[in-house]
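**Q** sharing a model prediction with you, sequence too.
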Amino acid sequence: MATRTQICDALLQAVTGLPTAGVHAFLWSGHPLEASSLPCILLKMGAERNEYVSTDQPRAEKRVLDLELKCIAKASTGLQPLLNLMAGEVEDAIAKTLYLGGLVFALDLVDSGWSLDGEAEQPHGAWSLQYQATYFTREASVPVAALSPLTDVLASAVPNVGAAHASEYQKL
C-alpha cells in the first residue's frame, strides 16, 4: 500500500468519531454530499513534491504531500461557531497523533479559512484546514515512511552526520 494511502487512512481514523461530525469523515470522491451526511469532514489529497536526499540505490526521497481537511455543515444560524468548533476538534485530533503512528516526519497546518456555498442544492458552509505531511520513502516504492533512525537517510546524503566536528572549528 502506498504511503500516501496510509497517511490518508490514518488521518481519517484520527478524525472519525469527533463529537460534531461523528462517523461522517470521508475521503473526497468528487460526488455531491447528501444532506444526511452533514456535518462531516472531507479529506482531499493534493499535490506532492519530491526531493532526493541520497544517491544510493534505491534513492531515499523526502516527500511533502498537500492535504485538506474540510469541515462542512448545513448553512444555518450559528454556522460559523459550529465550523470553528469542528475545526478545533480536527486540530486537537491531529495534535494528538501528530506523526500518524510514525508514518510522517511532520504534519504541519499551513493555512485555514472558511467559505459559504449558497449555490448548492443544500447550502452549506465549510472550514478548510490545509496541512502538509512530510515523509520519507525510497523511490522503489518500498515504504520507509518512518525511517528509523532518520539519520540513516541524512547520513547517506550529508557526509559526517553524527561525527564530532570540534576539531574542524577554529578559535577566534
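**A** That came through fine. Remember, predicted model here, so these are calculated numbers, not experimental data. Numbering: from 1, shown residues only.

**Q** look up how far residue 52 lies from the nearest residue to residue 138 once chain neighbours are set aside.
**A** Nearest non-adjacent residue to residue 138, counting by Cβ to Cβ, 6 or more residues apart in numbering: residue 58, 4.4 Å away. For glycine as for every other residue, the C-beta is placed from the backbone atoms N, C-alpha and C. Separation of residue 58 from residue 52 (Cβ to Cβ, to the nearest Å) stands at 10 Å.

**Q** shared neighbours of the two, anything?
**A** residue 139 (Cβ atoms under 8 Å, 6 or more residues apart in numbering).

**Q** check which helix or strand residue 89 maps to.
**A** helix 79-96 (DSSP states H and E).

**Q** I'd like the next helix or strand past that helix.
**A** Next element after helix 79-96 (DSSP H and E): strand 106-117.

**Q** next, the residue nearest to residue 138: secondary structure please.
**A** coil (DSSP: H, G, I helix; E, B strand; the rest coil).

**Q** my read: it touches residue 139, true?
**A** Yes: counting by Cβ atoms under 8 Å, residue 139 is a contact partner of residue 58 at 4.8 Å.

**Q** quick check: the residue nearest to the spatial centre of the chain vs residue 65, distance?
**A** The chain has residue 133 as the residue nearest its centroid, 4.4 Å off, counting by Cα atoms, centre = their mean. Look at residue 133 and residue 65: by Cβ to Cβ, they are 5 Å apart.

**Q** what touches both of the two?
**A** In contact with both residue 133 and residue 65: residue 7, using Cβ under 8 Å, 6+ apart.

**Q** please consider this matter closed, and thank you.
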